[in-house]
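> Quick check, what structure comes out for this input:
(one chain, ligands or ions: 1)
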Amino acid sequence: MTGPETPAYLTHPHFAAVPWLVHGFGTREGSPDDFGRNKKKAWPGFDVVELRQTHSDVLHFIEDVPARRLQGDALATDRRGILLVIRTADCLPVLLADEKRNVVAAVHAGWRGTSRGILARVVRELGERYGSSPASLAAVLGPCIGPACYEVGEDVRTNFREAGRGEDAAIFRTPEVRRLGAACKYLLDLRAANRLQLAAEGVRPGAVFDIPLCTHCDGRLLSYRRDRDTTARLYNFIGIRPSLV
Ligand SMILES: [Zn+2]
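Next up, the predicted model:
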């Protein structure tokens with residue numbers, strides 16, 4: 001479904017109930033014009049921070065708005081009035097909040113970042129930097145390409161195995177029907193792979209939430225695999241409100 005009934009940004013009730021947070025997962029109705037460094041109109045009181053995303057496992061801690069776009073795939077802050085933005089089209093966006101210490105993070109987890117363990121690294125580094133306990137973290141996994149749609153080759157599986165992420169059974173499935181001549185060897189479950197990383201780092205399963213939409217199936221979203229002719233991206237964000245409400 002598309003049209004005016006589609007919101008520009010989806011929210012999850014768990015984070016929507018936290019008074020000091022703002023967050024959203026973009027749909028195709030969202031606009032890049034809502035972001036960019038000088039777009040204070042869309043998000044009053046906020047400075048927007050975006051990355052040059054490279055499918056790495058690099059996290060940046062933001063205390064002030066950087067002069068240039070930083071290179072990396074995760075952002076975290078404990079400062080008010082900073083909007084952390086991650087762009088996706090099939091990759092998994094993950095938003096995290098430490099509800100005790102008022103810390104937020106946004107993570108871009110495609111297959112490369114997932115294989116590198118970016119989400120596990122973010123949980124560990126939030127602990128080192130802010131003293132955030134995994135037990136006080138909540139995470140929302142946004143829309144991404146679903147396990148029924150994400151065909152990958154042997155190279156991807158090998159990459160995971162070489163990275164020491166051996167949980168193959170939960171992450172990779174062999175398609176039931178292998179089409180003759182198709183290169184597809186496996187179906188990759190990005191959401192499951194990242195849930196495993198959170199659990200391994202001690203984040204409580206009851207504090208991990210999903211917006212379980214498939215970007216490839218759902219026409220309200222954008223998919224790199226489906227929409228190859230576009231460079232448009234979904235805008236996902238989280239921030240601490242500039243002032244207490
Ligand atoms: Zn799908």
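
> so Val85 sits right up against Asp47, yeah?
No. Counting by CB atoms under 8 Å, Val85 stays clear of Asp47, with 10.8 Å between them. Backbone N, C-alpha and C define where each C-beta goes, glycine included.

> if you count what's nearby, which of these two comes out ahead?
Neighbour totals were compared for Val85 and Asp47, and Val85 leads with 24 against 18 (other CB atoms under 10 Å).

> Can you classify the more buried one by secondary structure?
strand (DSSP: H, G, I helix; E, B strand; the rest coil).

> what's near enough to touch the closest residue to Ala109 other than its chain neighbours?
Using CB to CB, 6 or more residues apart in numbering and skipping residues adjacent in sequence, the residue nearest Ala109 is Leu92, 4.4 Å away. Residues in contact with Leu92 (CB atoms under 8 Å, 6 or more residues apart in numbering) are 108-110, 114, 141-142, 144, 190-191, 194.

> does Ala192 count as helix, strand or coil?
helix.

> What about it, how many residues nearby?
16.

> ok, back up a step: in strands only, show me the contacts of Leu92.
108-109, 141 (DSSP state E).

> ok, back up a step: pLDDT score for the residue nearest to Ala109?
Looking at Leu92, its pLDDT is 98.

> what's the weakest-modelled helix or strand in this structure?
helix 168-171 (a mean of 80; mean pLDDT, DSSP states H and E).

> Point out the residues in the protein that sit beside the ion.
146, 149, 214, 216-217 (CB under 5 Å from the ion).

> So Arg80 versus Asn236, what's the distance?
Applying CB to CB, to the nearest Å, the value for Arg80 to Asn236 is 20 Å.
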